[in-house]
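Student: Pasting the sequence and the predicted coordinates here, then a few questions.
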Amino acid sequence: MSEGKKLSGAGLRGQSAGETALSTVGVSGSGLTYRGYDVKDLGENATFEEVAYLILYGELPTQAQLDAYKTKLKGLRGLPQALKEVLERIPAETHPMDVMRTGCSMLGNLEAEHNFSEQSEITDRLLAAFPSIICYWYRFSHDGVRIDTETDDDQIGAHFLHLLHGKAPSELHAKVMDVSLILYAEHEFNASTFTARVCASTLSDMHSCVTGAIGSLRGPLHGGANEAAMELIQDMKDEADARDILMGKLERKDKIMGFGHAIYRDSDPRNAIIKEWSEKLAAANGDDRLYRVSVACEALMWEQKKLFCNADFFHASAYHYMDIPTKLFTPIFVCSRVTGWAAHVMEQRSNNRIIRPSADYVGVAPRKVVPIANR
Ligand SMILES: CC(=O)SCCNC(=O)CCNC(=O)[C@H](O)C(C)(C)COP(=O)(O)OP(=O)(O)OC[C@H]1O[C@@H](n2cnc3c(N)ncnc32)[C@H](O)[C@@H]1OP(=O)(O)O
Ligand SMILES: O=C([O-])CC(=O)C(=O)O
């Protein structure tokens, strides 16, 4: 358990719900490690594919292992016809997280996990297919185009941007997407991962575990916060306007999305990293308004409430600078976090006992059923 923030009260806060060898969150009050590596180190010296391999297979790959892994993932980007037909029937106004949920579940119908010896194959397939699923639906429902999802892009982040925009991304955009996927890959027993582990503990299949996790990630208190943060900052004209808007919200006791964390006490280590990339994107973009108002929000929230930006806040401006529609922000989180979810499912399966806590009963005392005619 964390030695940082004081953890107690509702929401199972502070109670250990099991063991993991995958990551540490806030152990010294702020850090984040994946299998012993600091996320900052990974963000600077590894790619997302290396990090996915690390999380799923236990160690960073050698060059030969990485080459083979990337070739394998590239070969899994195509979607079955039946899945494309389902995606084509989902209306344009549907929330893209619902598309991800359906896409994952449908793939589970078409390519079911028959036994746990297939878990790594299924995971690699999901990792390769998620960008294809969301972009195939988005481009069909919004632009009327049936895209070919089998690109030759070297990396998953660049592949996503290529499918979305119909052209290969710039080097800067490809790099930021790669770092973003690293930052979102794994985070111990967060709500969506815990959902996946609870499902896994019943000995259910991988697609069910991941589909459930997508549903948990969707909420604005979890992954959905990156979209909500964008909605917050998009109309802020300048720093003064940002302060006025936020002060009004704080007076009304509104929750400010993209701030605070269940475990970290005074900073989320992922924030400094994505903030730096957002600043670079702002400079390259020639319009730094969103970056400047975000910095103003960060300063005001700390000054007024001692609340800090979590991983989601500066992702909003960063994604916007790369022309990613706001409603696709949380699906990108899925494209990354599937690594953490699947690794947790495998870890749960390797030492399983069904997760079934107790509840404190606070309802009425025992009583007799009154016949319906006398009620
Ligand atoms: C990748 C991720 O999933 S990161 C999380 C993304 N979610 C968000 O950004 C949503 C906004 N943030 C929040 O709702 C919360 O901070 C959570 C859900 C992340 C954590 O919740 P908790 O662990 O319950 O928060 P915590 O115990 O630190 O709250 C302490 C106090 O600060 C308040 N607070 C916490 N976050 C915020 C916020 N973003 N805006 C306003 N007030 C807040 C709480 O309401 C609470 O006040 P109270 O004591 O008067 O009830
Ligand atoms: O750990 C949490 O509660 C939420 C979070 O930051 C994540 O899942 O990345």
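Tutor: Looks like it arrived, so ask away. Ligands and ions are numbered 1, 2, ... in the order given.

Student: Count residues in the vicinity of Leu110, would you?
Tutor: 13 (other CB atoms under 10 Å). Where C-beta positions appear, they are placed from N, C-alpha and C, glycine not excepted.

Student: per-residue pLDDT, it?
Tutor: Confidence at Leu110, expressed as pLDDT, is 98.

Student: wait, doesn't it sit right on Gln81?
Tutor: No. Between Leu110 and Gln81 there is no contact under CB atoms under 8 Å: 9.5 Å.

Student: As CSV, could you dump the C-alpha coordinates of the host helix or strand of Ala64?
Tutor: Element membership for Ala64 (DSSP states H and E) is helix 63-74. Taking C-alpha atoms only, helix 63-74 is exported to CSV below (Å, rounded to 0.1, in the frame of the first residue of the first chain):
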residue,chain,number,x,y,z
GLN,A,63,16.0,-6.0,-30.5
ALA,A,64,15.1,-9.4,-32.1
GLN,A,65,12.2,-9.9,-29.8
LEU,A,66,10.9,-6.4,-30.4
ASP,A,67,11.1,-6.8,-34.2
ALA,A,68,9.2,-10.0,-34.0
TYR,A,69,6.6,-8.6,-31.7
LYS,A,70,6.0,-5.5,-33.9
THR,A,71,5.7,-7.7,-37.0
LYS,A,72,3.2,-9.9,-35.2
LEU,A,73,1.1,-6.9,-34.0
LYS,A,74,1.1,-5.4,-37.5
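
Student: any idea of the mean pLDDT for the helix or strand just after that helix?
Tutor: Next along the chain after helix 63-74, taking DSSP H and E as the criterion, comes helix 81-88. Average pLDDT, helix 81-88: 98.

Student: Which neighbouring elements make contact with helix 81-88?
Tutor: Judged by 3 or more CB pairs under 8 Å, 6 or more residues apart in numbering; DSSP states H and E, helix 81-88 is in contact with helix 96-110, helix 119-143.

Student: Distance from it to the middle of the chain?
Tutor: Remark: helix 81-88 is offset 24 Å from the chain centroid, using CA atoms, centre = their mean, to the nearest Å.

Student: what's in contact with that helix?
Tutor: 79, 99, 102-103, 106-107, 110, 133, 136-137, 140-141, 146 (CB atoms under 8 Å, 6 or more residues apart in numbering).

Student: Stretch 58-76 now?
Tutor: So stretch 58-76 is contacted by 35, 37, 46, 49-50, 53-54, 124-125, 127-129, 152-156 (CB under 8 Å, 6+ apart).

Student: just for the stretch 201-350 of the chain, where's the confidence low?
Tutor: In the predicted model of the stretch 201-350 of the chain, no residue satisfies pLDDT under 70.

Student: Close to ligand 2: what parts of it are there?
Tutor: Ala262, Ile263, Asn310, Ala311 (CB under 6 Å from any ligand atom).

Student: Thr24 belongs to a helix?
Tutor: No. Counting by DSSP: H, G, I helix; E, B strand; the rest coil, Thr24 is not part of a helix but strand.

Student: Now the closest residue to it other than its chain neighbours: phi and psi?
Tutor: In this structure, Thr24 finds its nearest non-sequential neighbour in Thr33, 4.8 Å apart by CB to CB, 6 or more residues apart in numbering. Main-chain dihedrals, Thr33, degrees, to the nearest 10: phi -130, psi 140.

Student: Same check on His159?
Tutor: According to degrees, to the nearest 10, His159 has phi -60, psi -50.

Student: so it sits right up against Asp153, yeah?
Tutor: Yes. Here His159 lies in contact with Asp153, judged by CB under 8 Å, at a distance of 4.0 Å.

Student: And those two? Which one has more around it.
Tutor: His159 (27 against 18).

Student: what helix or strand is the residue nearest the centre of the chain on?
Tutor: The centroid of the chain falls nearest to Phe333 when counting by CA atoms, centre = their mean (2.8 Å). Remark: Phe333 resides in helix 329-350, with elements defined by DSSP H and E.

Student: rewinding a little: make TSV from the helices and strands packed on helix 81-88 and add distance to ligand 1 to it.
Tutor: Shown next, in TSV, are the helices and strands packed on helix 81-88 (distance: least, CB to the nearest ligand atom, whole Å):
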stretch	distance to ligand 1
helix 96-110	13
helix 119-143	17
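
Student: I'd like to know which of the ones you listed is closest to ligand 2.
Tutor: helix 96-110 (14.7 Å; CB to the nearest ligand atom).

Student: Can you name the residue of the protein nearest to ligand 1?
Tutor: Gly260 (2.4 Å).

Student: Correct me if wrong: that residue contacts Leu307.
Tutor: Yes. Between Gly260 and Leu307 there is a contact at 5.0 Å, judged by CB under 8 Å.

Student: ok, back up a step: now distance to Cys297 too, for the helices and strands packed on helix 81-88, in TSV please.
Tutor: Formatted as TSV, those follow (distance: least, CB to CB, whole Å):
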stretch	distance to Cys297
helix 96-110	24
helix 119-143	28
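
Student: Could you export the helix or strand hosting Ile55 as PDB, CA atoms only?
Tutor: In this assignment (DSSP H and E), Ile55 forms part of helix 48-57. C-alpha atoms of helix 48-57 as PDB (Å, rounded to 0.1, in the frame of the first residue of the first chain):
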ATOM      1  CA  PHE A  48       5.100   1.800 -26.300                       C
ATOM      2  CA  GLU A  49       5.700  -1.600 -28.000                       C
ATOM      3  CA  GLU A  50       8.700  -2.200 -25.700                       C
ATOM      4  CA  VAL A  51       6.600  -1.200 -22.700                       C
ATOM      5  CA  ALA A  52       3.600  -3.400 -23.700                       C
ATOM      6  CA  TYR A  53       6.100  -6.300 -24.100                       C
ATOM      7  CA  LEU A  54       7.500  -5.500 -20.700                       C
ATOM      8  CA  ILE A  55       4.100  -5.500 -19.000                       C
ATOM      9  CA  LEU A  56       2.800  -8.500 -20.800                       C
ATOM     10  CA  TYR A  57       5.900 -10.700 -21.000                       C
END
